[in-house]
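A.B. asks: below are the sequence and a predicted model; questions follow.
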Amino acid sequence: MDAEASQGPDGEPLPPLSPSTAARRSGPGAPFRVPAPQPSSPAPPPRTVPPAVPPPASTAPPAVSASDVAADATDGVHLVAPADLRRACELLREDVGSLALPLDLPGAEVARRELAALVSQLDDYLLPRLRRIDAPLLAVVGGSTGAGKSTLVNSLVRRFVTRSGVLRPTTRSPVLIHHPYDSGAFLTQRILPGFARVTSEAPEPLQPIEVDAPRVTALRLVPDEGLAPGLAIIDAPDIDSLVETNRDLALQLLAAADLWIFVTTAARYSDAVPWDTLKTAVDRGVSVAVVLDRVPAEAMGEVRVHLATLLRDRGLSTAPLFTIPESTKDADGFLPEEAVRSLHGWLSRLARDSRSRDVVVRRTLVGALDSLHERLRLLSVAVQDQATADQVLRAAIGEVFDSASAQVDAGLSGGRLLQGDVQARWQEYIGTGDAFRGFDGTVGRLRDRISAAVRGRAAPSAPLSAALRKGLGALAVTTAQTAVETMAHRWRAHTAGPGLLRRVPGGAQVSPTFEDRAAQLVADWHAGVHDLVRDRTHGVRANPRAAAFGVEGLAALLEVLACSDLSVLAPAPATVPASVPAGRGALLTGPVDVATASGPVRDPAGSSSEAVTVVAHRLLRAVLGDDVVALAASVRESLRARLGDLLAAERERFDEASRSTGVDDELVAALRGHLRAIEGAR
Ligand SMILES: Nc1nc2c(ncn2[C@@H]2O[C@H](COP(=O)(O)OP(=O)(O)OP(=O)(O)O)[C@@H](O)[C@H]2O)c(=O)[nH]1
Ligand SMILES: [Mg+2]
């Protein structure tokens, strides 16, 4: 194996970071401090021979917890991740966890992916690394399908730790190989907490290739002494897989890495997908090493130069490039030892030389912290867009249902309910004089009424009362239907509306039980009015006038008045009718004072809603007293409140859908605050 880039004095590659970059990254903006070595302990040579097992973390600088510090006894270098940087990232993670981008706005899908990537970056990489800066370096082997990644990993440790094969893709589940000393660092959920740990030593079983295979959620841990302590390698699935979940998994694993070992082949190195993936690494400042695998001897020079040029042109000039010639596998099924010696040696030194290792770790860490700016900027814009859309959609609920309430108010107070069927029943009730029989106190009529009640005959006012209740029910249903249809229309007109409509419990239609509930509500209201009238008249027997109508009749009249336009009763020059139909004579010429009760009615004796109002008022006032208008108003108010509750229940379904999105623009300010805290702590 040869290394093309960043050659060291002995011809072996140095860590993938140029000295100038390293200096810049170690400056004030570096994520942790590397205290200058004391004069008494001169700087160690770049490569020291570490003990077989690194010593545990020891002396920490004051005010920094032990977990923040790594000390390597071989060179005395202490790495410190500031506790406030770690804390700021933890707080960021908390708020990022409650970020919701549920509305289907343009760009929301991209922002959702960005959000998922940020969560992964924090959980899988940033927080674990900040919590244990001295944890083993994690190198993830990624690249095109069939490039030979698994073969390479097996050949590095000279053992079949991961399955390689002719079927594409072969690797489905990630395998993490580490020195047994480092088991503790990977058995916990410290990194990649979303993955269950599997410790079986057997190679991954052969799995069928299913394009829509579910995402793998297990990480197989394989301890092996073939790797140096302080370094772990993950054999990842392919980045250009025909299995979508493989691709996602590969990218997630790469995002968790301190170092990408990017494997490509002489035949595939100019493919687009690997370069797209490498661009992500460049953008994120990730440490990268490139392995050009399976290079035919005759093309070695040409291909290697070409790939090195491509790497340089794409911002990866500092990435070490290892080349592996095409070779037949040895008797054990591994690549010849000399083919992988250079890569193996480089990785071992990375593991053992804390300075080299720290350069790799720091570079990726700085890159990840830098990338937070752009990620959070994009997410803030997306959250703000969601909040704006949420406000518009919420405002529609308020407007539509306020208008529905106004419609109910207008229906109850405009006198429109007194038309049509109600008007016809009124005519029957009033016009036949049935309502007035006994109004002058004739006991015989009262006896008739009582005996009718005893025989179970419906009160004469029953059809009028029923018609009014039916009208009220229809008013409620029509209003609710209009409101719900308008809601659907308003939300559909918004880009994010259809998605939100799908969240409405029970769908964007009037609830199936609405009509029954409306009828029940009106019936309950009627029962309440009935009780009110009964209490006011202290029983019909004690009040002859009341007896003439019966409690039912008076309740019907009060309901009619409650559904009237009461403004027609406003005091005005009285226009007393010259004559009235026979049936009403007893009332209008008898003991009832009509002159003071009448309003500006053109034809109070007619059947217009105004006339109905005036007559109902006169009759009721004669029986119940002068406060009958106030009484009607309060009866109406109780009905209005009940209908309001009914509509509110319909509205609630839309409110619930809107609330369920959990859009919260206050998080934008919180995210900015976390970013400032992170910058301040670096
Ligand atoms: N002769 C030879 N065969 C190789 C070499 N590298 C890989 N192969 C073969 O190529 C095929 C694919 O190798 P894998 O190691 O499974 O490739 P991979 O990149 O892990 O593939 P996925 O897991 O599907 O992404 C296997 O049949 C290997 O035996 C090599 O250097 N020489
Ligand atoms: Mg593989």
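C.D. replies: Arrived safely. Ligands and ions are numbered 1, 2, ... in the order given.
A.B. asks: quickly find the element holding the closest residue to R375 other than its chain neighbours.
C.D. replies: Leaving aside its sequence neighbours, R375 sits nearest to L118 (C-beta to C-beta, 6 or more residues apart in numbering; 5.0 Å). From N, CA and C alone the C-beta is placed, and that goes for glycine too. Element membership for L118, per DSSP states H and E: helix 108-120.
A.B. asks: just checking, what packs against that helix?
C.D. replies: Counting contacts by 3 or more C-beta pairs under 8 Å, 6 or more residues apart in numbering; DSSP states H and E, helix 108-120 is packed against helix 83-97, helix 244-255, helix 354-413.
A.B. asks: can we see that at 7 Å?
C.D. replies: The contact analysis (3 or more C-beta pairs under 7 Å, 6 or more residues apart in numbering; DSSP states H and E) places helix 108-120 against helix 244-255, helix 354-413.
A.B. asks: any idea of the mean pLDDT in the longest one?
C.D. replies: For helix 354-413, mean pLDDT rounds to 94.
A.B. asks: what angle do it and helix 108-120 make?
C.D. replies: Inter-element angle recorded for helix 354-413 and helix 108-120: 130 degrees (by axes from the mean of the first three to the mean of the last three C-alpha atoms, to 10 degrees).
A.B. asks: and the closest residue to L343 other than its chain neighbours, which of the three is it?
C.D. replies: Taking C-beta to C-beta, 6+ apart as the measure, L343 lies nearest to F322, with 4.8 Å between them; neighbours along the chain are not counted. Three states are possible here, and by DSSP: H, G, I helix; E, B strand; the rest coil the one that applies to F322 is strand.
A.B. asks: what about the residue nearest to R375, how many residues close to it?
C.D. replies: As a burial measure, the neighbour count of L118 was computed by other C-beta atoms under 10 Å and equals 22.
A.B. asks: any idea of the pLDDT on it?
C.D. replies: Reported pLDDT at L118 in the predicted model: 93.
A.B. asks: secondary structure element holding S270?
C.D. replies: When elements are assigned from DSSP H and E, S270 belongs to no helix and no strand.
A.B. asks: do L221 as well
C.D. replies: Take DSSP H and E as the rule and L221 turns out to sit in strand 218-223.
A.B. asks: just confirm A289 is within a strand.
C.D. replies: Yes. With three-state DSSP as the criterion, A289 is located in a strand.
A.B. asks: redo the helices and strands packed on helix 108-120 as JSON lines? Include distance to ligand 1 and mean neighbour count.
C.D. replies: Rendered in JSON lines, the data for these read as follows (distance: least, C-beta to the nearest ligand atom, whole Å; neighbours: other C-beta atoms under 10 Å):
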{"stretch": "helix 244-255", "distance to ligand 1": "8", "mean neighbour count": "22"}
{"stretch": "helix 354-413", "distance to ligand 1": "23", "mean neighbour count": "19"}
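A.B. asks: CSV for the ones you listed, including distance to ligand 2?
C.D. replies: As requested, the helices and strands packed on helix 108-120 are exported to CSV (distance: least, C-beta to the ion, whole Å):
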stretch, distance to ligand 2
helix 244-255, 10
helix 354-413, 23
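A.B. asks: ok so, going back, mind listing residues that contact the helix holding L118?
C.D. replies: The contact list for helix 108-120, computed with C-beta atoms under 7 Å, 6 or more residues apart in numbering, reads V96, L99, L101, Q252, A255, R375, L378, L379, A382.
A.B. asks: apply 10 Å and report the result again.
C.D. replies: Identification of contacts with helix 108-120 by C-beta atoms under 10 Å, 6 or more residues apart in numbering yields 92-93, 96-97, 99-102, 105, 107, 126, 192, 194, 248, 251-253, 255-256, 280, 371-372, 374-376, 378-383, 385-386, 389, 495-496, 499.
A.B. asks: show me the contacts for D565.
C.D. replies: When the contact criterion is C-beta under 10 Å, 6+ apart, the partners of D565 are A410, L412, S413, G414, G415, R416, L417, L418, G599, S609, E610, T613.
A.B. asks: change it to 7 Å
C.D. replies: Contact partners of D565, counting by C-beta under 7 Å, 6+ apart, are S413, G414, G415, S609, T613.
A.B. asks: may I have the phi/psi pair for it?
C.D. replies: phi -80, psi 100 (degrees, to the nearest 10).
A.B. asks: helices of the stretch 401-550 of the chain, residue ranges please.
C.D. replies: Taking DSSP state H, counting those that start in this stretch as the criterion, the stretch 401-550 of the chain contains helices spanning 421-426, 443-454, 462-492, 497-501, 514-537, 544-562.
A.B. asks: other SSEs contacting the shortest one?
C.D. replies: Packed against helix 497-501, as judged by 3+ C-beta pairs under 7 Å, 6+ apart, are the following elements: helix 462-492.
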